[in-house]
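Participant: coords below, sequence missing:
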């Protein structure tokens, strides 16, 4: 009877090892799929960040141009104001 008990215990242990190995493979496959999915999301986020960076640079350039234009307009306005003051003094 002892021999049969040992055989049953060994078979049960082997079955548990097989089940554990299958569970480990499934878990590894799930981790790989998750890593792949996160990698794809990261690529998408990087692309979106590049687009936003490009738009920000474009807006920054337009803002600089607008500031330069505003400064030229201010200087022109100041010159016209000075000319108007000179003309008023002559009158």
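Facilitator: Nice, I can see it. Please read all numbers here as calculations on a predicted model, not as lab measurements. Numbering: from 1, shown residues only.

Participant: show me the helices in the protein, by range?
Facilitator: 2-90 (DSSP state H).

Participant: low-confidence ranges in it?
Facilitator: 1 (pLDDT under 70).

Participant: can you rerun that using 80?
Facilitator: For the chain, the stretches with pLDDT under 80 are 1, 91.

Participant: give me the residue at the spatial middle of it.
Facilitator: residue 45 (3.5 Å; C-alpha atoms, centre = their mean).

Participant: quick one: contacts for it?
Facilitator: Going by C-beta atoms under 8 Å, 6 or more residues apart in numbering, residue 45 touches no other residue. The way it works is simple: take the backbone N, C-alpha and C, and place the C-beta from them, glycine included.

Participant: and for stretch 14-22, what are the contacting residues?
Facilitator: Residues contacting stretch 14-22 (C-beta under 8 Å, 6+ apart): none.

Participant: what's the neighbour count on residue 86?
Facilitator: A count of neighbours around residue 86, defined by other C-beta atoms under 10 Å, yields 9.

Participant: roughly how far apart are it and residue 54?
Facilitator: Taking C-beta to C-beta, to the nearest Å as the measure, residue 86 and residue 54 are separated by 48 Å.

Participant: same question, residue 62
Facilitator: 13 Å.

Participant: likewise for residue 80?
Facilitator: Residue 80 is 39 Å from residue 54, by C-beta to C-beta.

Participant: for residue 24, same thing?
Facilitator: For residue 24, the distance to residue 54 - C-beta to C-beta - is 45 Å.

Participant: now do residue 35
Facilitator: Applying C-beta to C-beta to residue 35 and residue 54 gives a distance of 29 Å.

Participant: quick check: residue 23 vs residue 29, distance?
Facilitator: In terms of C-beta to C-beta, residue 23 sits 11 Å off from residue 29.

Participant: what does residue 15 give?
Facilitator: When residue 15 is compared with residue 29 (using C-beta to C-beta), they lie 21 Å apart.

Participant: likewise for residue 14?
Facilitator: For residue 14 relative to residue 29 (C-beta to C-beta), the value is 23 Å.

Participant: ditto for residue 19
Facilitator: With C-beta to C-beta as the criterion, residue 19 and residue 29 are 16 Å apart.
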